[in-house]
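Colleague: show me the folded form of this:
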Amino acid sequence: MGGNEKQGEGKIKEIAGKVTGDKRLESEGQTQNAAGKVEQAADDAGEKVKGALDAARDKED
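Modeller: Residues are numbered from 1 along each chain as shown. This is a model prediction of the structure:
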């Protein structure tokens, strides 16, 4: 599951927890949402590094 999916699922859990008054579910959703954001940021950073390496290799050729 990618970062965006985790964020979406986490947000759903968070809202469901708020609506039902289930603090545990709300907290779990917040945690999952945050983890998804971190995963997405790491994926984005990895793509930027890969792009920079590819550009550097192209300049060498």
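
Colleague: for this protein, name the helix or strand with the lowest mean pLDDT.
Modeller: Among the helical and strand segments of the chain, the one scoring lowest on mean pLDDT, DSSP states H and E is helix 23-60, with a mean of 93.

Colleague: show me which residues of that one are buried.
Modeller: For helix 23-60, the neighbour count (16 or more other C-beta atoms under 10 Å) marks 25-26, 28-29, 32-33, 36, 39-40 as buried. (C-beta placed from N, C-alpha, C; glycine too.)

Colleague: return the list of helices and strands in contact with it.
Modeller: Counting contacts by 3 or more C-beta pairs under 8 Å, 6 or more residues apart in numbering; DSSP states H and E, helix 23-60 packs against helix 3-20.

Colleague: what's the angle between the helix it packs on and helix 23-60?
Modeller: 160 degrees (axes from the mean of the first three to the mean of the last three C-alpha atoms, to 10 degrees).

Colleague: with just CA atoms, put helix 3-20 into CSV.
Modeller: Provided in CSV are the C-alpha atoms of helix 3-20 (Å, rounded to 0.1, in the frame of the first residue of the first chain):
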residue,chain,number,x,y,z
GLY,A,3,1.6,6.5,1.0
ASN,A,4,-1.5,8.1,-0.6
GLU,A,5,-3.6,5.0,0.1
LYS,A,6,-2.4,5.0,3.7
GLN,A,7,-3.3,8.6,4.1
GLY,A,8,-6.8,8.1,2.7
GLU,A,9,-7.5,5.0,4.8
GLY,A,10,-6.1,6.8,7.8
LYS,A,11,-8.4,9.8,7.2
ILE,A,12,-11.4,7.6,6.9
LYS,A,13,-10.6,5.9,10.2
GLU,A,14,-10.0,9.2,11.9
ILE,A,15,-13.3,10.6,10.7
ALA,A,16,-15.1,7.3,11.6
GLY,A,17,-13.6,7.6,15.1
LYS,A,18,-14.7,11.1,15.5
VAL,A,19,-18.2,10.4,14.4
THR,A,20,-18.6,7.3,16.6
